[in-house]
Structures are given as C-alpha cells and as structure tokens.
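K.L.:
the amino acid sequence is not available; the structure is as follows:
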C-alpha cells in the first residue's frame, strides 16, 4: 500500500539537502539504515545526493536570474537581452574632436580689388584619415571642399601674405572645420556559395564601432537595416539640376533626402564584446513580393493557410506578409568595410593631429604647375582642442539601463515633443533647421476647403551669414521625407514658416565715478549682444526686460540702468524682415510677449542695433 511521504521542496544548499535526506531516511527507513556516522557508506550516498541537489539548485537559480535584464550579470546574456530590447551595446567609446583644415590660395584681381583665386582650391575626399604624433588615427567622414562656403559649411578667409611693394594680398589663408572620430577603416571579405535561408556569419572584431559599407563581387551595395523586415531606407543624392531641376536652385540643401526600397539588406548585432553576427534574408533575386503593387487582391499575401483576414494585424508600412525578408547572397564575395578604434588612448591632446592621409586634388585643370604645387604643399591640419569621449564602452550596468531606456522609447512620433526632437535632428547636409515649433492646428488659420491638420510645424533656417531665414522648398521637402518614416498614420503635419521679428535695443545707464564711460558702455553692449545671440532664442520666447536690467546692473561700473527700450526694425530694403510688430502693444509688466502666430525675436545686426548711452545722474 502506497504511503504519502512528506517531501520538502524549499531546500536550497548542501547542508539543508543533507539534513533533509537524513530526516527522510530516519522517518521512512528506521530499521533499514541507522548508521549516520561520517565514515559510513550510507552517508557517502546521502552527501553525494545533497551535493548534486546543491549544484542543480545553484544553476537553476542562476539561469532564472540570467533570463531577466535587471538581474543578469554575465555579459554574453546581457548582449542577447539587449538585442531583444532593441539596443546595440557600445563596446568602445569613440573620441571626437573638431579638426581645422588649412590651405593657402593665391590672390587675383577682380575689378579693382584683390580676391582669392578659388581655381586653386583643394578638394579632400571623404573618409580621409588624420594621424596624431602618437599614432592614433581619426576619421573625417565628410569631404572638404575649399571652393564652397555656406552657412552649413563656412570657409574662413584671412590674409596670409602681403606684397612688400604694393601692400596688396599675395596669398590668402582658407580654413574649414570638420568633426573627426577616432576610428580606423578595416576591410573583411566573406565568400558565399549556394544560397541559404537566413544565412548567418560571424566575425571576431576588437573595438567594433560600426559597418561603413558592404559591396558584393558584382558591385551591388548591401544595406544595413535595423531588422530584416525593414524594406525602406533613406538615400542621399546630390542636389544638382540633373537629379532635381526644380530644387537644385536652393543652395541651403547640399543633398536631397529620398526613400529607397531595397532587397539587398542585412542586420548586425554583437554577441559579446568582440563577436559580430551578420544575418541575411531568405529570398532570391527572382522573388517578386518585394515589388508587389498594393491592391485589394494582394492584402495579406503570405498568410498561413489564407483562412481569415478579419482579425489579422496589418502594418501600415507593409501589408504584405513575406517570408523572404530580403535576399540571401549566393555565389559572390561580400566586402565589408567597418570602423574600429576608440578607447581612452584616443583622447589625444590639442595640436597633435597634424598628419593627413587621404586623397586630395585640385578641382580645376590648366593651373600654373609651380604655383599649384606650392599651394598643394601648404595643406595642413590641426586640432585646436583636445579630443574627448574615448572610453571602454558600455559597462554591464550601462547595458542594462540603456536597454531599459531603449525599450521604453519608440521610433514613432506620438507627442508634439517627438516631432520637435525629430525635426531638429535632421542631419545638416539635408538643410540646417535653426528653429522649430509645433502646435495644434488652428481652425481660423486654415484656408476654405482644406482638411484640418492635426499639427502645425513652424520652422526657420539660417542664411549664409548665420542669420535667421525662411526654409527653402528643398529643405521642406527633405523634412517631409524625413518625418514620413516616423509619422503616425493618422497624423497630418503642415510645415510652415515662422515669422521673424527683427529688433534693436537702446539703453541708458549711469556710470559710477572713477570708471571709464566708454569701457563700461562697451561691456554693457557686449553683455546684451551675448544675451541676444540667435542660437539662444526659440520661437515664441518672450523678452523679459527685467532680466536685461539685472544683466546690466551686474556690469562693473554701472550705477543705475535708467531705461531700456526695445524697437522694431523692419524693411527689406534696410536688410530686415518685412514683418512689423507692435512692441509697445505687446508689452505688459515689463514682458514683451510674442504674437499668437509663432514668431521669434532676432537682433540681426548686433553691432548696429544695440546702442547705449551714458547719461548724467
């Protein structure tokens, strides 16, 4: 007859297992075995069973712990969990630094004045390397073209050499600045035979930063995507008349942003600090589900059994159900160029990056040979500031916390702040957005017959002088393309120009005895110029006059600030905005409020529009 036996399941360690087994033997086998001395054979088996139980209990607890992101401690498990949360850990900290490029350029006479002869300007290819005197390499991903200058890419010009006879410039000095990262370009090849579904390859790479590009043996480019289901990527094309005759006239957008549907794609993820895994799709070049035209007959293609579509969740970006996820490479060799480097040693000191390794050339032909060689030999680089940011990558705790943060965030724009942040993050090569402001659409602002929009996005750009300007159609088109991949399907965004209101500041102060009037006045003007720097002001930000009073009161030598007057500067023929603004009507309790229509205050010419006087007590 079976007897229900009392078995405990809460034992965790060796001593508890041992004691429980002894109690179990004494309770249910009292006459079979009763020698529990340490040297007895029975105790040997009891302790061996306790040992096995202790080990199994430990590994069970450890496996459960390692399956939770907030408790995992092993780096390999954290890398896998981070991948599940959509976060790619950093295995190295990349140092960054601004690098100045210099070249001298001869002068020429244009009319009656001497100007730089830009026929002798040098072009430096993208992905050029700069090496420090300690052997640390930095990469400049953007090309350097001394022949162009814009608000996005200004060229500083100064006189380098003057003729001792005519006292006219003989050579000018050109300077451009680029951001460089501590990285080396490496190449690794992999040959593929017959196609395999979801082919996965692994490389051992130290200090991996990212994939630069991937080209197969036929010259086709393969693209890295976040996941294999991602079919659309951003593509950059030069803003030329050949690529777009309508938008090429706008020089504030060097590149146009386009969307491109791709078949050749792959994903990457790090399995640990030095193992990179790359995975490809399962289709072939003959698969046509990549280019199916959307129509009612195609909705849900690829569903298992095609039984019912009533409760199926369809993605607004792709309502086809495909099992290819891109094509698998076959009978070719893929050449991967990747970046590696970084680390604490990459935080090089200032004035140490001075050796340029890259392709440099003149864009023009027919130049004077000796003069061209002289100019070419003048090409130099330098970092005026020390590099920073280099480190050892994410720690275990940083991987854990960054994964949790990444999981709680999303790529879709849901709130107004999401659209604002995404707008301001548009890369500068597609146009430089200076200011942005988002608000719900106003019914009274809509034209008759137009559908109401959900949000109005007001933007402004910079002109070549760094002053506020209205965004060109090319910049707006790039922004539309950029936001289209993050916009919620039911959101309507209207991109509009914010109003620019130019102002001037007039103030009166009383200076303390024994202080120079001119010196104190210049200090006050400099303080107000710094206060009204355009980059510090946002759309719909009011002017609080009390802050300006306090600012001037703090200037050494100022006894009293008697008066501050803000005036409107208007008139395109004077170089100002066309829009007038009632400053006095918008002022209440020493605060100048913006209008109901989004606008921004700007002191366009600080050296002229900020004036002060020293008045008697």
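P.N.:
All right, it came through fine. Model, not experiment: these values are computed from the prediction.

K.L.:
now the stretch 151-300 of the chain, which segments are flagged as low pLDDT?
P.N.:
284-300 (pLDDT under 70).

K.L.:
and the strands in it?
P.N.:
Along the stretch 151-300 of the chain, counting by DSSP state E, counting those that start in this stretch, strands occupy 156-162, 169-181, 184-192, 200-204, 208-215, 221-224, 232-238, 255-261, 265-272, 275-280.

K.L.:
each with direction, which strands does the third one pair with?
P.N.:
Same thing as strand 184-192. Using DSSP bridges, the neighbouring strands of strand 184-192 in the sheet come out as strand 332-340 (antiparallel).

K.L.:
of the strands of the stretch 151-300 of the chain, which approaches residue 8 most closely?
P.N.:
Proximity of these to residue 8 was assessed by CB to CB; the nearest stretch is strand 265-272, lying at 39.7 Å. For the C-beta atoms, the positions are set from N, CA and C on the backbone; glycine is no exception.

K.L.:
buried sites along the closest one?
P.N.:
Neighbour-count burial for strand 265-272 flags 265, 266, 267, 268, 270, 272 (criterion: 16 or more other CB atoms under 10 Å).

K.L.:
among the strands of the stretch 151-300 of the chain, which is nearest residue 113?
P.N.:
Once CB to CB is applied to these, the stretch that comes out nearest is strand 169-181, at 9.7 Å.

K.L.:
which helices and strands does the closest one pack with?
P.N.:
strand 96-110, strand 113-116, strand 137-140, strand 156-162 (3 or more CB pairs under 8 Å, 6 or more residues apart in numbering; DSSP states H and E).

K.L.:
what about 10 Å?
P.N.:
Applying 3 or more CB pairs under 10 Å, 6 or more residues apart in numbering; DSSP states H and E, we find strand 169-181 packed against strand 96-110, strand 113-116, strand 122-124, strand 128-132, strand 137-140, strand 144-145, strand 156-162, strand 380-382.

K.L.:
can you redo those strands as TSV, where the extra columns are mean neighbour count and distance to residue 175?
P.N.:
Written out in TSV, the entries for the helices and strands packed on strand 169-181 read as follows (neighbours: other CB atoms under 10 Å; distance: least, CB to CB, whole Å):
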stretch	mean neighbour count	distance to residue 175
strand 96-110	18	5
strand 113-116	16	12
strand 122-124	20	12
strand 128-132	20	15
strand 137-140	22	15
strand 144-145	21	10
strand 156-162	14	4
strand 380-382	17	10
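
K.L.:
please convert the ones you listed to JSON lines, extending it with distance to residue 489.
P.N.:
Conversion of the helices and strands packed on strand 169-181 to JSON lines gives the following (distance: least, CB to CB, whole Å):
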{"stretch": "strand 96-110", "distance to residue 489": "37"}
{"stretch": "strand 113-116", "distance to residue 489": "52"}
{"stretch": "strand 122-124", "distance to residue 489": "44"}
{"stretch": "strand 128-132", "distance to residue 489": "43"}
{"stretch": "strand 137-140", "distance to residue 489": "39"}
{"stretch": "strand 144-145", "distance to residue 489": "40"}
{"stretch": "strand 156-162", "distance to residue 489": "46"}
{"stretch": "strand 380-382", "distance to residue 489": "48"}
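
K.L.:
those: which one's closest to residue 8?
P.N.:
For residue 8, the closest of these is strand 96-110, at 59.8 Å, according to CB to CB.

K.L.:
quick one: closest of the helices and strands packed on strand 169-181 to residue 567.
P.N.:
Comparing those by their distance to residue 567 (CB to CB), the top pick is strand 156-162, with 32.6 Å.

K.L.:
contacts for the closest one?
P.N.:
Contacts of strand 156-162 from elsewhere in the structure, counted by CB atoms under 10 Å, 6 or more residues apart in numbering, are 100, 102-107, 114-116, 146, 149, 168-177, 378.

K.L.:
try it again with 6 Å
P.N.:
Outside of strand 156-162, the residues within contact range by CB atoms under 6 Å, 6 or more residues apart in numbering are 104, 169, 170, 171, 172, 173, 175.

K.L.:
angle of it against strand 96-110?
P.N.:
An angle of 60 degrees separates the directions of strand 156-162 and strand 96-110 when computed by axes from the mean of the first three to the mean of the last three CA atoms, to 10 degrees.

K.L.:
so what's the gap between strand 156-162 and the chain middle?
P.N.:
Using CA atoms, centre = their mean, to the nearest Å, we find the averaged C-alpha position of strand 156-162 to lie 35 Å away from the chain's own average C-alpha position.

K.L.:
re earlier: for the strands of the stretch 151-300 of the chain, which one sits closest to residue 35?
P.N.:
Checking those against residue 35 by CB to CB gives strand 265-272 as the closest, at 51.2 Å.

K.L.:
quick check, distance from stretch 514-532 to the centre of its chain.
P.N.:
Once both centres are worked out by CA atoms, centre = their mean, stretch 514-532 turns out to sit 38 Å from its chain's centre.

K.L.:
and what of stretch 397-415?
P.N.:
On the basis of CA atoms, centre = their mean, the separation between the geometric centre of stretch 397-415 and that of its chain is 15 Å.

K.L.:
for that stretch, the averaged confidence score.
P.N.:
The predicted model assigns stretch 397-415 a mean pLDDT of 78.

K.L.:
tally of neighbours for residue 599?
P.N.:
For residue 599, the tally of surrounding residues (other CB atoms under 10 Å) stands at 21.

K.L.:
what sits against residue 108?
P.N.:
Taking CB under 6 Å, 6+ apart as the contact definition, residue 108 lies against residue 117.

K.L.:
now it: how far from residue 511?
P.N.:
To residue 511, residue 108 is 49 Å away according to CB to CB, to the nearest Å.

K.L.:
out of the helices and strands packed on strand 169-181, nearest to residue 521?
P.N.:
The closest approach between residue 521 and any of the helices and strands packed on strand 169-181, judged by CB to CB, belongs to strand 156-162 at 29.1 Å.

K.L.:
parallel or antiparallel, which strands does the closest one pair with?
P.N.:
Taking DSSP bridges as the criterion, strand 156-162 pairs within the sheet with strand 169-181 (antiparallel).

K.L.:
for the protein, where's the lowest mean pLDDT among helices and strands?
P.N.:
helix 396-408 (a mean of 81; mean pLDDT, DSSP states H and E).

K.L.:
out of the contacts of strand 156-162, which end up buried?
P.N.:
For the contacts of strand 156-162, burial is judged from neighbour counts taken by 16+ other CB under 10 Å, and it is met by 104, 169, 171, 172, 173, 175.

K.L.:
any idea how far residue 379 is from the fourth one?
P.N.:
With distances taken as CB to CB, residue 172 is found 14 Å from residue 379.

K.L.:
give me the helices and strands touching the longest helix along the chain, please.
P.N.:
The helix of greatest length in the chain, counted in residues with DSSP state H as the criterion, is given as helix 41-66. Using 3 or more CB pairs under 6 Å, 6 or more residues apart in numbering; DSSP states H and E as the contact criterion, the neighbours of helix 41-66 among helices and strands are helix 14-28.

K.L.:
mind giving me the packing neighbours of the helix it packs on?
P.N.:
Here helix 14-28 touches helix 41-66, going by 3+ CB pairs under 6 Å, 6+ apart.
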